[in-house]
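K.L.:
this one's sequence-less:
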């Protein structure tokens, strides 16, 4: 398994156990304190699966409830996958959408997004989901509450 060079110790349990279980496309639920490797636990298996070939359309999605978390996850994914040639794009609201749309059009393997901007771009047919085969929700309670009570998310 890929393990970031910046890591000074072996993967903590929150990263090691889920990573082995994520590979065969199973659902995994993990919770741990800050700094224990949760991001690595879901990003590294996704990057391993994506490394087999590249495409222009997103092949994996990480959905986060906040733009701060989206930026953090995207930064970690870029760091972990820096030697793989995989492209990570992050999209979230509160900033101009034009650079994000251009980044999507340039192609990406992993898309990290917040629900609002994701739905907005999807409704405008600016996302190609044909090749997307993996999805991960961070902070699933926050995301599921948002999706449950947003009419556009249900359609």
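P.N.:
Everything's here; your move. Just so we're clear, the structure is a prediction, and the values are computed from it rather than from any experiment. Numbering: from 1, shown residues only.
K.L.:
alpha carbons only for contacts and neighbour counts from here, please
P.N.:
Fine.
K.L.:
how about the helices in the protein?
P.N.:
Residue ranges of the helices in the chain, as given by DSSP state H, are 13-22, 38-50, 67-80, 98-106, 115-123, 140-148, 151-154.
K.L.:
looking at these, which has the lowest confidence?
P.N.:
Mean pLDDT per stretch puts helix 13-22 lowest among the helices of the chain, at a mean of 49.
K.L.:
residue 42 is in contact with residue 135, isn't it?
P.N.:
No. Applying C-alpha atoms under 8 Å as the test, residue 42 and residue 135 come out as separate, 9.8 Å apart.
K.L.:
ok, the two, which is more surrounded?
P.N.:
Taking other C-alpha atoms under 10 Å, residue 42 and residue 135 do not tie; residue 42 has more neighbours (26 against 18).
K.L.:
any idea how far the more buried one lies from residue 103?
P.N.:
In this structure, residue 42 and residue 103 are 23 Å apart, going by C-alpha to C-alpha, to the nearest Å.
K.L.:
same check on residue 73?
P.N.:
Using C-alpha to C-alpha, one gets 17 Å for the distance from residue 73 to residue 103.
K.L.:
which of these two has more neighbours?
P.N.:
Neighbour tally, residue 73 and residue 103, criterion other C-alpha under 10 Å: the higher count belongs to residue 73, 24 against 16.
K.L.:
quick check: nearest residue in space to the more buried one, chain neighbours excluded?
P.N.:
residue 39 (6.6 Å; C-alpha to C-alpha, 6 or more residues apart in numbering).
K.L.:
from residue 71, how far off is that neighbour?
P.N.:
12 Å.
K.L.:
what does residue 139 give?
P.N.:
Residue 139 is 14 Å from residue 71, by C-alpha to C-alpha.
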